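Student: quick one, what's the 3D model for this:
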Amino acid sequence: MSCPHLRRLATLGEFRYIESCPCSGGIVHLSWDVATLHLCFKDFAWLAAVVEEAVGRGSPDLPLVLWVGSVALRMSHAEGIELRGMIRTALVELGQARLEPSQARPFVRLPN
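Tutor: Sure, this is the predicted structure:
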């Protein structure tokens, strides 16, 4: 069942988009192909920081794998750049381009 208060923040395609809703204090829904992550604003800011760092460090020749809890999003470097752009657009739409990320979750780079 879908929340009636969903607002589309950014779209890459039919199965890649970011929405938000005011439920539970504010939730951001990141859909990437068959996975949808439901994140509070602080965790979305954390993900934004991780994606910025991962794309900045990544090699165009290697795939990018982002682990969020027990969910892995695997993508090419070019798709990582697209995800970063979509997240940046969503942050602007939220009016919070400078959200404070959670400090409890360090970025860890694992071999692909």
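Student: in the helix or strand hosting residue 91, what counts as buried?
Tutor: For residue 91, the host element (DSSP states H and E) is helix 77-94. Taking 16 or more other C-beta atoms under 10 Å as the neighbour-count basis, helix 77-94 is seen to contain the buried residues 77, 79-84, 86-87, 89-91, 94. In short, each C-beta sits where N, CA and C put it, glycine included.
Student: go on, stretch 9-29?
Tutor: By neighbour count with 16+ other C-beta under 10 Å, stretch 9-29 contains the buried residues 9-10, 12, 16-21, 27-29.
Student: any idea which of the residues you listed is closest to residue 70?
Tutor: Within the buried residues of stretch 9-29, proximity to residue 70 (C-beta to C-beta) peaks at residue 29, which comes in at 17.7 Å.
Student: so that closest one makes contact with residue 37?
Tutor: Yes - in terms of C-beta atoms under 8 Å, residue 29 counts as a neighbour of residue 37; the distance is 7.2 Å.
Student: for residue 47, see how far away residue 40 is.
Tutor: Distance check for residue 40 against residue 47: by C-beta to C-beta, to the nearest Å, it reads 11 Å.
Student: looking at those two, which is more packed in?
Tutor: Remark: of residue 40 and residue 47, residue 47 carries more neighbours, 22 against 14, as counted by other C-beta atoms under 10 Å.
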